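In: everything below, folded, please.
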Amino acid sequence: MFESLADRLQGTLDKLRSKGKLTEKDIDATLREVRIALLEADVNFKVVKTFVRRIKERATEENVSKSLTPAQQIVKIVHAELIEVLGGEAVKLKLASQPPTSIVMAGLQGSGKTTHCGKLALQLKKKGNHPLLVACDLQRPAAVRQLQILGEGIEVPVFAEGAETGGDSIAVARAGLEEAKRLGRDIVIFDTAGRLAIDEELMLQLEQIVATVDPHYTFLVVDAMVGQDAVTTAEHFNEKIPIEGVILTKLDGDARGGAALSVREVVGKPIYFVGLGEKLEDFEAFYPDRLAGRILGMGDVLTLIEKAEEAFDAEQAQEMERKLRQAQFTLEDFLEQMQQVKKMGSLTNLVKLIPGMGAQLKGVSLDDAEIVRVECIIQSMTPEERRNPDIINGSRRQRIARGAGSSVQDVNALLREFREVQTMMKGLLGPSGQKGKFRRLRGANLGNMSEMTDFPR
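Out: Numbering: from 1, shown residues only. A predicted model of the protein is given here:
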C-alpha cells in the first residue's frame, strides 16, 4: 500500500540528506515536492494545504536550518504531521459494560462490507470474544448466504431467521439482537444493505436499523481504491446517521493512499480498522503512527511483533530454542518454522515492516511460492532423512527431487541453505558471548519477537 506516495516522499526527503545545512529555499523546494506527491496520491487538496502549512510553521519555529541534522529534523516533522493527519492517537474498540456490544456495518455496495463483517468477527474471536453475525442485507442476491459461509469458515454463528429476499431488515435486526442476548454472545455485528449510490431508501433503512438496535458503534465501510469518492461517501453518510468510525478496505491495492490520508481530516471520524487483502486474516487495527512510519520507510516493528506473537506458540518457541541450543535443529523443525512464518502473511509485506529493508529490496520480488517449493522438497523426504540429512546421498536426492516435482539442484541448494542456518545458529549460541543477540533475533524462531527492544529504527 502507498507505494507511489511512499516512493515520492522518501525520494524527496532523501535529497536533503546530502545537505549539511538547509536554507529556507531548500525547505520551500522540499515542501513543494511534498505537496505534489500528496496531490498525486489523491489526497484532498484542503488536507494538503493544511499539512504543508503546518510543516512550514514547525520548520520555522524549530529553526531547522541551524540544526546539526536538518534532514532528520524535517523527516521528524513530516512524520509527526502525518500521524496528526491520520488521526493522532489510535482508537480502540471498547466493549459495553452491559453486553452485547452492538456494531452496525454500513456502506455502499461493493465496498466489501459483508466480507469485513467476517473479518471483524474473526479478529474479535481471536481476542477471546464471542460474536454473533446478523444478516440484515436482504436486497443483494446471495448476501445472506455469503455471510453464512463466512460464519461457517470462522465458526461464528449467523442469525438469518426471516431473512428471505425482500423481507424486513428491521425485524431481522431486532430479532438478531434478542438472539445475541439469549445465547450470551458479547458482540453482535449487523451486516446491512448497500447501494451503488447513496439514496433515500438506503439511508431510511439504515436510520431505522440504527434506531431499532441502538448500536454502540456504527462503522462506515469504505473502499480505499475509489480515492476522493471515498471521502465524499463518508461525508454523506455522516450527515444522515451517527458514524462512530471508518473501516477502510482494499488498502493493499491502493497505491496512492489518498483516502486514508483524507477521510480522518475531512470527515472528523477516526479510522478503526483496515482491510489489507482477500483473506479473512488480512485485517488490522489502524495505528496512525505505524502507518506514518511505513509511508516514510521507517518500517513497523510493532506490527511485525504482533504478527509473530499471533502466529507462534510460546511453548513451541521454547522447545525450538532448546533444540537450537543442543544442536538438534532438524529439517522437520525447519519445515515447521517456515509454515509458522507463512501464517504471518506475504514475505514481501513482512519485509516492508522491517526498518530500512523496504528500500534495500526495492524492485526485488520475494516469491512466496519459494516456501511452497521448499515444503514440497522436505515433505518428499522420509522421516529419517529429515532428522538426519547427512544420509541423503545421490540416489536419495534424485528420488526426493522426483517426488517434489523439482530438480536435484534445488534439493542440493536446500540442503546447503539448511547447513548454513545450522552453522549460523551455532555461532549465535557459541562461547563468543552472542546469546543476547540470539534472544533478540531468534533466527528461525520468531516466536518471541517482543524481545527485539533495540531493533534499529
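
In: pick out the residue closest to the middle of this structure.
Out: residue 284 (4.5 Å; CA atoms, centre = their mean).

In: would you double-check that that residue falls in a strand?
Out: Yes - under DSSP: H, G, I helix; E, B strand; the rest coil, residue 284 falls within a strand.

In: helix, strand, or coil at the residue nearest to it when sequence neighbours are not counted?
Out: Distances taken as CB to CB, 6 or more residues apart in numbering put residue 274 closest to residue 284, at 5.6 Å, once the chain neighbours are dropped. Every C-beta, even on glycine, is put in place using the N, C-alpha and C of the backbone. Here residue 274 is recorded as strand under three-state DSSP.

In: quick check: pLDDT value at residue 274.
Out: The model reports residue 274 with a pLDDT of 87.

In: doesn't residue 248 make contact with it?
Out: Yes - if you go by CB atoms under 8 Å, residue 274 and residue 248 touch, sitting 4.8 Å apart.

In: neighbour count winner among these two?
Out: Under the criterion of other CB atoms under 10 Å, the comparison of residue 274 against residue 248 puts residue 248 first, with 29 against 24.

In: that one and residue 370: what is the separation?
Out: 31 Å (CB to CB, to the nearest Å).

In: now residue 268
Out: Distance check for residue 268 against residue 370: by CB to CB, it reads 45 Å.

In: got the contact list for the residue nearest to residue 284?
Out: Contact analysis of residue 274 by CB atoms under 8 Å, 6 or more residues apart in numbering lists 224, 247, 248, 249, 251, 260, 283, 284, 286.

In: least confident pick among the residues you listed?
Out: residue 260 (68).

In: for the chain, which helix is longest?
Out: In the chain, with assignment by DSSP state H, the single longest helix is helix 408-428.

In: chain center to it: distance?
Out: Centre-to-centre, helix 408-428 and its host chain are 31 Å apart (CA atoms, centre = their mean, to the nearest Å).

In: cool, stretch 208-224 as well?
Out: Distance, centroid of stretch 208-224 to centroid of chain: 23 Å (CA atoms, centre = their mean).

In: buried sites along that stretch?
Out: 209-210, 212-213, 215-224 (16 or more other CB atoms under 10 Å).

In: so residue 222 is in which element?
Out: strand 217-223 (DSSP states H and E).

In: from the contact counts, what lies against the next helix or strand after that strand?
Out: Toward the C-terminus, strand 217-223 is succeeded by helix 228-240 as the next helix or strand (DSSP H and E). With contacts taken as 3 or more CB pairs under 8 Å, 6 or more residues apart in numbering; DSSP states H and E, helix 228-240 sits against helix 200-213, strand 217-223, helix 258-267.

In: contacts for helix 228-240, please.
Out: By CB under 8 Å, 6+ apart, helix 228-240 touches 42, 44, 106-108, 198, 203, 206-207, 220, 222-224, 226, 243, 246, 248, 258-259, 262-263, 266-269.

In: again, 6 Å this time
Out: With CB atoms under 6 Å, 6 or more residues apart in numbering as the test, helix 228-240 has contacts from 42, 198, 203, 220, 222, 243, 259, 262, 263, 266, 267.

In: could I get the helix or strand that it is followed by in PDB with only the CA atoms?
Out: The element immediately downstream of helix 228-240 (helix or strand, assigned by DSSP H and E) is strand 245-249. What follows is strand 245-249, C-alpha atoms only, in PDB (Å, rounded to 0.1, in the frame of the first residue of the first chain):
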ATOM      1  CA  GLY A 245     -15.700   5.400  12.800                       C
ATOM      2  CA  VAL A 246     -14.400   4.200   9.400                       C
ATOM      3  CA  ILE A 247     -13.200   0.800   8.200                       C
ATOM      4  CA  LEU A 248     -11.000   1.200   5.000                       C
ATOM      5  CA  THR A 249     -11.000  -1.800   2.700                       C
END
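
In: partner strands of strand 245-249 and their direction?
Out: Strand 245-249 has its sheet partners listed here by DSSP bridges as strand 217-223 (parallel), strand 271-275 (parallel).

In: who touches the longest one?
Out: Applying CB under 6 Å, 6+ apart, the contact partners of strand 217-223 are 103-107, 111, 113, 116, 230, 234, 237, 243-250.
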